[in-house]
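K.L.:
Using only what follows, build the 3D model:
(2 chains)
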Amino acid sequence: EAQVTQNPRYLITVTGKKLTVTCSQNMNHEYMSWYRQDPGLGLRQIYYSMNVEVTDKGDVPEGYKVSRKEKRNFPLILESPSPNQTSLYFCASSFSGATEAFFGQGTRLTVV
Amino acid sequence: QQPVQSPQAVILREGEDAVINCSSSKALYSVHWYRQKHGEAPVFLMILLKGGEQKGHEKISASFNEKKQQSSLYLTASQLSYSGTYFCGTATSGTYKYIFGTGTRLKVLA
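P.N.:
Alright, predicted model coming up:
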């Protein structure tokens, strides 16, 4: 089954404790991206990757890091989480930035 | 800057029609439409590329006017299952960034 898998689905952490949210896709997609969703603000792109080892900033990259060492995986790293990073996060993949995107089920992150 | 969607929210009765608009301040290469139900991931509806095309998907169709940098989503004879939040997503010429609109909450009542 074609899918994008995110883990964990829910996470509560404390300020400053490094965390990683994993994202994996099994569709051989070139393009992967991370979004955060906040009430009233819709989905905002954090980082995207056009291919292995090629990443670039989206609209809200501050406080986040990503890496793309393999085509299927695109982890999101928060080196020092802060409460303003409490949000619902989605990973998505597609063949290119202009084709249908498939979303993971989301990760609800709370930073206290 | 995020594309602006209008209206922000709409309530319909089953069988009624609705139009959701998406307007960008930047030149667009493509426009995507997604629907998200509460607590779920967004689901792809359709994509429109430069060229002013119009597409249909069952009773949902869309148009893209690249000169005006606008897209509209048309929902006809709405069903209860159409309820959710609709987002337009835009790819801008010359960049691989992808920007979603602010969303339109649609509720269909029986």
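K.L.:
Tell me the residues of chain B that contact chain A?
P.N.:
Contact residues, chain B versus chain A (C-beta under 8 Å from any C-beta of the partner chain): B:2, B:29-30, B:32, B:34, B:40-44, B:47, B:49, B:87, B:89, B:91, B:96-103. To be clear about C-beta, it is placed using only N, CA and C from the backbone, and glycine gets the same treatment.
K.L.:
In strands, which of the residues you listed appear?
P.N.:
B:29-30, B:32, B:34, B:43-44, B:47, B:49, B:87, B:89, B:91, B:98-100 (DSSP state E).
K.L.:
and these, which are buried?
P.N.:
B:29-30, B:32, B:34, B:44, B:47, B:49, B:87, B:89, B:91, B:98-100 (16 or more other C-beta atoms under 10 Å in any protein chain shown).
K.L.:
Now pLDDT too, for the residues you listed, in CSV please.
P.N.:
Converted to CSV, these look like this (pLDDT from 0 to 100):
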residue, pLDDT
B:Y29, 81
B:S30, 86
B:H32, 92
B:Y34, 95
B:F44, 92
B:I47, 87
B:L49, 81
B:F87, 96
B:G89, 91
B:A91, 82
B:Y98, 82
B:I99, 89
B:F100, 91
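K.L.:
from these, which single one is nearest A:L76?
P.N.:
In terms of C-beta to C-beta, no member of those lies closer to A:L76 than B:Y98, at 15.8 Å.
K.L.:
where does the residue nearest the centre of chain A land in three-state SS?
P.N.:
The residue lying closest to the centre of chain A (C-alpha atoms, centre = their mean) is A:W34, at 3.1 Å. Under DSSP: H, G, I helix; E, B strand; the rest coil, the three-state class of A:W34 is strand.
K.L.:
pLDDT weak spots in chain B?
P.N.:
B:51-57, B:93 (pLDDT under 70).
K.L.:
and chain A, which of its residues are near chain B?
P.N.:
Counting by C-beta under 8 Å from any C-beta, the residues of chain A that sit close to chain B are A:31, A:33, A:35, A:40-45, A:48, A:50, A:56, A:58-59, A:90, A:97-106.
K.L.:
from these, which would you call buried?
P.N.:
A:31, A:33, A:35, A:42-45, A:48, A:50, A:58-59, A:90, A:97-104, A:106.
K.L.:
what sits against B:Y29?
P.N.:
A:A98, B:L49, B:K50, B:A91, B:T92, B:S93 (C-beta atoms under 8 Å, 6 or more residues apart in numbering or on different chains).
K.L.:
What's the separation between it and B:A91?
P.N.:
5 Å (C-beta to C-beta, to the nearest Å).
K.L.:
One more: B:R35?
P.N.:
19 Å.
K.L.:
Over to B:G103?
P.N.:
Distance from B:G103 to B:A91, by C-beta to C-beta: 18 Å.
K.L.:
cool, and A:P83?
P.N.:
Applying C-beta to C-beta to A:P83 and B:A91 gives a distance of 32 Å.
K.L.:
which stretches of chain A form helices?
P.N.:
Here chain A has no helices by DSSP state H.
K.L.:
And A:T99, what's its pLDDT?
P.N.:
Looking at A:T99, its pLDDT is 81.
K.L.:
what residues are up against the closest residue in space to it that isn't next to it in sequence?
P.N.:
Distance criterion C-beta to C-beta, 6 or more residues apart in numbering or on different chains; nearest residue to A:T99, sequence neighbours excluded, is B:I47 at 6.8 Å. By C-beta under 8 Å, 6+ apart, B:I47 lies in contact with A:A98, A:T99, A:E100, B:S30, B:V31, B:H32, B:W33, B:K55.
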